[in-house]
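Student: next come a sequence and a model predicted from it.
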There are 2 protein chains.
Amino acid sequence: MRGQSGEDGDGSATPVNRVATGPDITMEELQLAVRNHSMPLEALRYDVTPIGLHYLLTHFDIPEVDPAAWRLDVGGAVRKPVAFALDDLKAMPKVSAQVTLECAGNGRAHFSPRPISQPWLFEAVGNAEWTGTPLRLLLEAAGPRASAVEVVFTGLDRGVQGGIEQQYERSLPVAEARMGEALVAYEMNGRPLSPQHGFPLRLVIPGWYGMAHVKWLRSITLMDKPFRGYQQEPAYHMATSEDDPGIPVTRMLPRSLMIPPGIPDFMSRIRYVRPGLCILEGRAWSGHGPIRQVQVSTDGGASWAEAELGAAVSEFGWRSWRYTWQAEAGDHELCCRAEDAAGGVQPLATTWNAQGLCNNAVQRVKVAVGTEVVPVQLAAGSRPAEASSNRP
Amino acid sequence: MRGQSGEDGDGSATPVNRVATGPDITMEELQLAVRNHSMPLEALRYDVTPIGLHYLLTHFDIPEVDPAAWRLDVGGAVRKPVAFALDDLKAMPKVSAQVTLECAGNGRAHFSPRPISQPWLFEAVGNAEWTGTPLRLLLEAAGPRASAVEVVFTGLDRGVQGGIEQQYERSLPVAEARMGEALVAYEMNGRPLSPQHGFPLRLVIPGWYGMAHVKWLRSITLMDKPFRGYQQEPAYHMATSEDDPGIPVTRMLPRSLMIPPGIPDFMSRIRYVRPGLCILEGRAWSGHGPIRQVQVSTDGGASWAEAELGAAVSEFGWRSWRYTWQAEAGDHELCCRAEDAAGGVQPLATTWNAQGLCNNAVQRVKVAVGTEVVPVQLAAGSRPAEASSNRP
């Protein structure tokens, strides 16, 4: 089942990359935005994100899986193909890891022009405790042949994207897959995976963006040549033009987020804060190494001060930070930026790319400090009112 | 803390009702859409909605609550004010009820012009098992005075809406609050409430739209006169003009939803189905009485056939339905509509109202039946592509 027609007749029914001409969100994007969800930023207060608050992106539908009939097949370029039942995996050595997971498209809706896909703002992230079997043990059980170069992970979720019917599939180089930290997880936060997070089994590759952590894992296939499935290529490539093959997305760039202080306005989400001492808190993470520093700006990025880092509690989980702000009456724009041990720093603005990936530009939080509620300002892109009511 | 200026200088800084002039979603609405989430329609397959898939709307922020310090105060026009610790409630008689809960704004983004607020499509619903203490026992413990006419429920969530700083508050007539079925719930699906669903305690009023089920419940106050808080009035009133005070929203209108058959296209969410027998399944509910009938249309509402109802398993939970469709090649629009025992039937289109409430118009699911993927059609409101790629 493959697209039969397309704009250029090559069999691709849908263009891979489309961008919006206007600032507003199309009905098509809204269909994704109401299904999927980010982590409300106040949930940064939890070391481990409670189930239901962790960000969630489902490309197709959440599949229904009978755990008794389900098997994980490990095959392809191996000496001995193996099928694992869920109980087989649970009988193997178990590991747990706190892992921060972020969607590669986080920040997409801040790009202009805006690439058409799930329109994330800042919050497509979460930090969970994953428990399961080290991936390398499954590979060792099957015995990859010397010729194997890539490992393909196939999920049970099926649909059409770019005009191609597909199961969700992603690959890793064999060396990456054999590294100690990758696991196949059957528990999240100490409980069996929920349907939406990949029940009964998902891949977890600490440090990588979310697209690598294949959910509803059904098979692991060793391949003698590079994998070219849709989600591997052309998807998840940072390209700036049609002629540019683009750079594949892998590990998470450094990012920090803050809990918006004070209280919100329902619609504008502008924050109201009383004058005086105001504790700003948040989390920071990177897939390229430990967080070395977080800085805070209370003037929209014009000047920066260093935040205090909390203890590093896990290798692949986020790190807390804290900054004490003397809030003075008036309007302010708060920002934070992280730097990792590899020297990566969040920019004020990132380079545009056609799929809207890896936008780790600093978070901006509008705050009105005062003893009274100030007239609510409209967020960028909102429309003037056609009708208004001033009932008491 | 109250607005100091406004368009008419009456102290209301924000108009209550605004509508969008264009079909597309503003950045302001998107901020809500990425935080809040509906229930992906494939989750209609579960009798009880798993945590994390149940719809969620948070007006302000999810508050952080220390359960040891938390108390529920019952006071106002009572003979003996009482404060309950969580353990006090757990020591009282316990009830459990499966309750379908739907946001009063479900369907808002289908109105034209579109009222500006959380832009729900069809799926702001869920069905959970709530466990807690009958509300009437708490009222009896405090002893409402004969003069009491309303009961006000105050949550710990705080913010600004309509230019007014507020805690989320809603009221019920005393007679409604004393009815047997209302409860204050400390468990959802057999586990302590999650932070986002109201930990440690929320109100559950079976049959009512979501706005009545106050989360993070902090106090219950008996009043000698009608309550006029923002969320009671002007909010959640169906009005068609500025001069119309509107009708308050109470119980859920009948609605049915189907699991979209086949597989989806990632962006358009159009469904691809193979020709032949196709089982259509879904759920139906109403706050006005049991579901009496569900009908299905496979031609966009031109003709209707009766679906088979599943057994009624709970008084306030949704009811399953099923219909066997002989899918023939071509494009189809599937619809379903519910009728309740009170005679209420879902309409093809509802009357517009300024806050976008109670839009229970029939669901419409676009389906392409064929053996090949047909060229993907763009959903209404989507924009033409500016850039396209046809990489293999």
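Tutor: Nice, thanks for sending it over.

Student: all strands of the stretch 201-350 of chain A, in order?
Tutor: For the stretch 201-350 of chain A, applying DSSP state E, counting those that start in this stretch gives strands covering A:202-204, A:217-223, A:237-238, A:247-248, A:255-258, A:263-264, A:271-273, A:276-285, A:291-297, A:305-306, A:308-309, A:319-327, A:330-340.

Student: who does the second one pair up with?
Tutor: Right, the one you point to is strand A:217-223. Using DSSP bridges, strand A:217-223 pairs in its sheet with strand A:72-76 (parallel), strand A:150-161 (antiparallel).

Student: do the fifth one as well
Tutor: For strand A:255-258, the paired strands and their directions (DSSP bridges) are strand A:276-285 (antiparallel).

Student: picking that back up, minimum distance to A:Asn17: which of the strands paired with strand A:217-223 has it?
Tutor: Checking these against A:Asn17 by C-beta to C-beta gives strand A:150-161 as the closest, at 12.2 Å. Where you see a C-beta, it was placed from the backbone N, CA and C, and this is true even at glycine.

Student: now find how far off-centre that closest one is within its chain.
Tutor: 18 Å (C-alpha atoms, centre = their mean, to the nearest Å).

Student: related to what we said a few turns ago, any idea which of the strands of the stretch 201-350 of chain A is most buried?
Tutor: Compared across those, strand A:255-258 shows the largest average neighbour count, a mean of 26 (mean count of other C-beta atoms under 10 Å in any protein chain shown).

Student: mean confidence score for it?
Tutor: The pLDDT scores in strand A:255-258 average 98.

Student: list the contacts of it.
Tutor: Identification of contacts with strand A:255-258 by C-beta atoms under 8 Å, 6 or more residues apart in numbering or on different chains yields A:41, A:44, A:102, A:106, A:122-123, A:125, A:280-286, A:291, A:294, A:296, A:321, A:334, A:336-338, A:346, A:360, A:362-363, A:365.

Student: before we move on, back to that, columns mean neighbour count and mean pLDDT on top of the strands paired with strand A:217-223, output as CSV?
Tutor: CSV is the format used below for these (neighbours: other C-beta atoms under 10 Å in any protein chain shown; pLDDT from 0 to 100):
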stretch, mean neighbour count, mean pLDDT
strand A:72-76, 18, 98
strand A:150-161, 22, 97
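
Student: nearest to B:Pro261, of the ones you listed?
Tutor: Checking the strands paired with strand A:217-223 against B:Pro261 by C-beta to C-beta gives strand A:150-161 as the closest, at 12.7 Å.

Student: you'd agree A:Cys278 is up against A:Ala327?
Tutor: Yes. Counting by C-beta atoms under 8 Å, A:Cys278 touches A:Ala327, with 4.4 Å between them.

Student: OK, contacts around A:Pro93?
Tutor: Contacts of A:Pro93 (C-beta under 8 Å, 6+ apart): A:133-134, A:137.

Student: these two touch, right, A:Phe122 and A:Gly107?
Tutor: Yes. Because the distance of 6.5 Å satisfies C-beta under 8 Å, A:Phe122 is recorded as touching A:Gly107.

Student: for stretch A:62-75, which positions count as buried?
Tutor: Neighbour-count burial for stretch A:62-75 flags A:62-63, A:65, A:70, A:72-74 (criterion: 16 or more other C-beta atoms under 10 Å in any protein chain shown).

Student: around chain B, which positions in the stretch 101-250 of chain A sit nearby?
Tutor: Those residues of the stretch 101-250 of chain A that sit near chain B, judged by C-beta under 8 Å from any C-beta of the partner chain, are A:109, A:113, A:116-117, A:119-121, A:123-124, A:158-161, A:163-165, A:194-197, A:228, A:233-234, A:239, A:242, A:245.

Student: in the stretch 51-200 of chain A, which spans are helices?
Tutor: According to DSSP state H, counting those that start in this stretch, the stretch 51-200 of chain A carries its helices in the segments A:86-90, A:135-142, A:174-178.

Student: mean pLDDT for those helices: which is lowest?
Tutor: Mean pLDDT is lowest for helix A:174-178 among those, at a mean of 92.

Student: okay, now the domains of chain A?
Tutor: Per the record, chain A has its domains at A:19-248, A:255-387, by automatic domain parsing.

Student: lowest average pLDDT across those?
Tutor: Among those, domain A:255-387 carries the lowest mean pLDDT, a mean of 89.

Student: for that one, what is the distance to the chain centroid?
Tutor: Centroid separation between domain A:255-387 and its chain, computed with C-alpha atoms, centre = their mean, is 18 Å.

Student: what of stretch A:250-258?
Tutor: Chain-centre distance of stretch A:250-258: 9 Å, with C-alpha atoms, centre = their mean.

Student: can you tell if stretch A:41-57 touches chain B?
Tutor: Yes. Contact of stretch A:41-57 with chain B (C-beta under 8 Å from any C-beta) involves A:42-43, A:45-46, A:50-54, A:56.

Student: for that stretch, output the C-alpha coordinates as CSV.
Tutor: Extracted as CSV, the C-alpha positions of stretch A:41-57 are listed here (Å, rounded to 0.1, in the frame of the first residue of the first chain):
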residue,chain,number,x,y,z
LEU,A,41,5.3,23.7,33.1
GLU,A,42,4.3,23.7,36.7
ALA,A,43,5.0,19.9,36.6
LEU,A,44,8.7,20.8,36.5
ARG,A,45,8.3,20.8,40.3
TYR,A,46,8.3,17.0,40.3
ASP,A,47,11.6,15.1,40.2
VAL,A,48,9.8,12.3,38.4
THR,A,49,7.0,13.4,36.1
PRO,A,50,3.7,11.8,37.2
ILE,A,51,1.9,9.6,34.7
GLY,A,52,-0.4,11.7,32.6
LEU,A,53,1.8,14.8,32.8
HIS,A,54,4.7,13.5,30.8
TYR,A,55,4.6,14.8,27.2
LEU,A,56,3.0,12.4,24.7
LEU,A,57,3.2,12.2,20.9
